[in-house]
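Peer 1: the amino acid sequence is not available; the structure is as follows:
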DNA sequence: CCCTGATTCGC
DNA sequence: GCGAATCAGG
C-alpha cells in the first residue's frame, strides 16, 4: 500500500482532528497503526494538539543485537518548572444531553473502520455483528468486518462496546 | 489486560 | 521512505 497524495492528506486531516493512530490506520485500510505513526513522524507532525506528551526516550536495543547501553543522562538541565497544573476540579460541566434532542446519533464518537452495508442475512460467524442505524429502519445494516474469535464484533466495535473507560481519558 | 504515541533500525 | 518491533507510559 503506498502513500498516495490522497492518503497522506487524509492522514493529516484525521491526525489533526485528534484521531488515534490505530483509528486512522483502520480508516485508511491496509496499514498498521505503526505505519501511520511512522508516517506521521516522517511528515514531522507528531505533536498534534496534545494528549500523550511522552518525553523523548532513548533506548531500544535492536532486535537481539548489540546491547547499546547509552547512559548519557548527565547533561540534563534539570529545571524545576513550577508547573501550576491546576488540580482541576473533577466536576466538569456536563452538558445536559436531552435524549430526545437529536435521537439518531451516529452511535459512537469513535470512528468506525469501513462499515459495510451488510444485511442480516449476510452475516456469518466471522462477520462483525455490530448494528448500524435503527434496527427498524430500512437502512439498518451491520458492520460486517472480520470479527475476532473473542466475540461477535470486530476489533473496533468490540472496543466501543466493552471499553468506554480506556479512551475516555483523552478529551475528544 | 487494554490502549496510546515514540523510537529505532532493517529492509 | 517504509513499517515491524520495541519501548514507555496511561
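Peer 2: That came through fine. Just so it is clear, the model here is predicted, and its values are computed rather than measured.

Peer 1: domain parsing of chain A, as residue ranges.
Peer 2: Listed by the TED database, the domain ranges of chain A are A:5-43, A:113-162.

Peer 1: the single longest helix found in chain A packs against which elements?
Peer 2: Looking across chain A with DSSP state H, the single longest helix is helix A:5-16. Packing partners of helix A:5-16 (3 or more Cβ pairs under 8 Å, 6 or more residues apart in numbering; DSSP states H and E): helix A:21-28, helix A:33-42. Where you see a C-beta, it was placed from the backbone N, CA and C, and this is true even at glycine.

Peer 1: buried sites along the helix or strand hosting residue A:156?
Peer 2: Here residue A:156 sits within helix A:155-162, counting by DSSP states H and E. By 16 or more other Cβ atoms under 10 Å, the buried positions in helix A:155-162 come out as A:155, A:156, A:157, A:158, A:159, A:160.

Peer 1: give me the subset of those residues that also touch DNA strand B.
Peer 2: Among those, the residues within reach of DNA strand B (Cβ under 7 Å from any atom of the strand) are A:155, A:159.

Peer 1: for the buried residues of helix A:155-162, which one is nearest DNA strand C?
Peer 2: Minimum distance to DNA strand C across the buried residues of helix A:155-162 is 11.4 Å, recorded for residue A:159 (Cβ to the nearest atom of the strand).

Peer 1: before we move on, the earlier item: hey, which of the helices and strands packed on helix A:5-16 is tucked in deepest?
Peer 2: helix A:21-28 (a mean of 21; mean count of other Cβ atoms under 10 Å).

Peer 1: any idea how far residue A:30 is from residue A:135?
Peer 2: 31 Å (Cβ to Cβ, to the nearest Å).

Peer 1: wait, residue A:43 touches residue A:8, no?
Peer 2: Yes: at 7.2 Å, residue A:43 counts as touching residue A:8 under the criterion of Cβ atoms under 8 Å.

Peer 1: if I look at residue A:13, how far off is DNA strand B?
Peer 2: 14 Å (Cβ to the nearest atom of the strand, to the nearest Å).

Peer 1: once you drop chain neighbours, what's closest to residue A:134?
Peer 2: Using Cβ to Cβ, 6 or more residues apart in numbering and skipping the chain neighbours, the partner closest in space to residue A:134 is residue A:140 (5.8 Å).

Peer 1: got a list of what that neighbour touches?
Peer 2: A:131, A:132, A:133, A:134 (Cβ atoms under 8 Å, 6 or more residues apart in numbering).

Peer 1: same check, this time on residue A:128
Peer 2: By Cβ under 8 Å, 6+ apart, the contact set of residue A:128 is A:142, A:143, A:144, A:145, A:146, A:147, A:152, A:153, A:154, A:157.

Peer 1: can you pull the contacts of residue A:153?
Peer 2: Contacts of residue A:153 were listed using Cβ under 8 Å, 6+ apart, and they are A:128, A:129, A:130, A:143, A:147, A:161.

Peer 1: sounds good, over and out.
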